[in-house]
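Q: The following block contains a protein sequence and its predicted model.
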Amino acid sequence: MIRTIDLALSGLGNVGRNFLRILETKSDRLAADYGLALRVVAVADSSGCAVNLDGFDPHALRLRKEAGGRVADLPEYKPGRTLAEFLALAGFCDFLLEASPVNLSDGEPGLGYVRAALGAGISCVLANKGPLALAFHELHRLAAANGAGLAFSATVCGALPVVNIGRRDLIAADVSLLRGIFNSTSNFILDEMAAGRSYADALAEAQRRGIAETDPSLDVEGWDTANKLTILANSFLGVDVTLADVSVQGITAITAEQLAAHRAQGEVIKLVAEARQVENGYRLSVAPLPLPASDFLAGCGGWEMGVEIHSDLYGKQFYKIWEREPLPTAAAMLRDLVNLLA
Ligand SMILES: NC(=O)c1ccc[n+]([C@@H]2O[C@H](COP(=O)([O-])OP(=O)(O)OC[C@H]3O[C@@H](n4cnc5c(N)ncnc54)[C@H](OP(=O)(O)O)[C@@H]3O)[C@@H](O)[C@H]2O)c1
């Protein structure tokens with residue numbers, strides 16, 4: 001028995017197109033292993049939204065976007081209609097996959113899409129951190145009130161399942177320290193600068209590979225890392241925090257000379273996110289820090305991201321991932337979707 005699951009896909013950029021690529025290559029596997037047929041019935045990009053209740057061809061759609069096409073040029077384009085309007089219709093689809101750009105001012109368009117979908121009982125899987133960094137608990141309340149699923153393991157460290165580990169595998173733990181390198185664009189830039197490459201050149205490579213944020217100032221000024229720290233803190237540190245609770249400093253003031261001077265002393269500068277337990281909760285910070293070369297996070301180079309979690313019950317845990325393209329993040333969205341259906 002194959003169960004058809006209808007999807008709305010918001011954002012057809014690096015992540016959205018890689019999600020389509022997975023549908024192209026893994027549909028047989030999803031049918032055989034999970035009894036699922038995933039059908040994309042709505043798509044949106046910056047030009048608008050299109051609906052095809054029989055399902056878009058993922059291959060044709062991806063090629064069209066890769067060739068610079070716009071949703072507004074599709075025959076199924078719905079002029080004057082927004083994806084949010086369709087999502088607000090109960091039963092329109094089963095899942096919203098949200099991969100539009102991060103917007104820390106008001107969370108839009110992603111926050112509006114997620115609110116509309118959850119309000120209609122449609123489950124949501126997010127790669128976009130913005131809605132969660134701004135409205136984590138509101139969205140969870142909305143999901144619970146409408147019997148919808150909400151998953152977001154793709155928002156932190158790409159495909160590294162940090163959110164899942166924290167929520168599923170640290171039952172009853174008191175976490176005394178959570179530290180991590182959560183942004184591979186800035187990690188790559190720091191490594192490349194230490195090796196003599198220019199900041200601009202290294203950033204351009206991260207953009208070319210589809211790893212940098214749509215607005216790369218979010219990467220280098222520390223906000224992407226702060227978003228992820230906020231999501232983790234709310235997910236499994238038992239606190240109710242927003243971005244305003246995080247002290248944030250990025251890497252833009254770091255010079256090649258500083259990197260070299262620390263290296264000569266056996267230290268490596270890393271952009272470190274930290275949640276440290278204090279009397280009334282956690283002190284949350286993002287800042288470039290010199291670490292001894294033997295430190296776990298110092299050993300996360302270039303395209304790696306990592307996290308270290310110290311707790312009373314589960315010891316000290318260390319995880320890292322190497323991710324140089326957006327495919328693993330798109331796969332994390334697939335993982336969330338299948339897990340929500342289980
Ligand atoms: N790239 C990664 O490795 C990675 C990893 C983890 C999480 N994420 C998150 O995933 C999300 C997508 O990242 P990305 O790298 O795919 O970004 P991207 O390449 O810049 O793509 C963004 C997509 O969103 C579309 N978009 C813009 N405005 C929209 C609107 N109003 N409604 C619907 N779609 C709209 C864009 O349309 P156009 O095509 O018309 O420009 C584009 O297709 C971001 O929130 C990012 O933080 C990315």
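A: Yep, it's here. Residues are numbered from 1 along each chain as shown.
Q: When you work out contacts or count neighbours from here on, use the C-alpha atoms and nothing else.
A: Noted.
Q: could you say what helices and strands the helix or strand harbouring residue 16 packs with?
A: Assigned by DSSP states H and E, residue 16 belongs to helix 14-34. Packing contacts for helix 14-34, counted by 3 or more C-alpha pairs under 8 Å, 6 or more residues apart in numbering; DSSP states H and E, involve strand 36-45, helix 58-66, helix 327-341.
Q: quick one: contacts for residue 108?
A: Residues counted as contacts of residue 108 (C-alpha atoms under 8 Å, 6 or more residues apart in numbering) are 102, 131.
Q: ok, and which of the helices and strands packed on helix 14-34 has the densest surroundings?
A: Among the helices and strands packed on helix 14-34, strand 36-45 has the highest mean neighbour count (mean count of other C-alpha atoms under 10 Å), at a mean of 22.
Q: helices and strands around that strand, which ones?
A: Helices and strands touching strand 36-45, as assessed by 3+ C-alpha pairs under 8 Å, 6+ apart, comprise strand 3-10, helix 14-34, strand 48-51, helix 83-87.
Q: got the angle for it vs helix 58-66?
A: The directions of strand 36-45 and helix 58-66 differ by 20 degrees, with axes from the mean of the first three to the mean of the last three C-alpha atoms, to 10 degrees as the criterion.
Q: Contact residues of the stretch 201-342 of the chain facing the ligand?
A: With C-alpha under 6 Å from any ligand atom as the criterion, the stretch 201-342 of the chain meets the ligand at residues 210, 211, 212, 213, 214, 326, 329.
Q: okay, the first one: pLDDT?
A: With respect to pLDDT, residue 210 has a value of 93.
Q: Does it touch residue 326 like I think?
A: Yes. Residue 210 is within contact range of residue 326, at 6.4 Å (criterion: C-alpha atoms under 8 Å).
Q: what do those two both touch?
A: Residues within reach of residue 210 and of residue 326 at once, by C-alpha under 8 Å, 6+ apart, are residue 14.
Q: If you count surrounding residues, which of the two has more?
A: Between residue 210 and residue 326, counted using other C-alpha atoms under 10 Å, the more crowded position is residue 326 (21 against 18).
Q: Name the residues that touch the strand or helix carrying residue 229?
A: Per DSSP H and E: residue 229 is located in helix 223-236. By C-alpha under 8 Å, 6+ apart, the list of residues contacting helix 223-236 from outside reads 129-130, 132-133, 136, 155-156, 163, 166-167, 181-183, 218-219, 239-243, 246, 248, 250, 273-275, 284-286.
Q: The helix or strand just after that helix: partners in the sheet, and parallel or antiparallel?
A: Using DSSP H and E, the helix or strand that follows helix 223-236 towards the C-terminus is strand 246-248. Taking DSSP bridges as the criterion, strand 246-248 forms sheet pairs with strand 281-292 (parallel).
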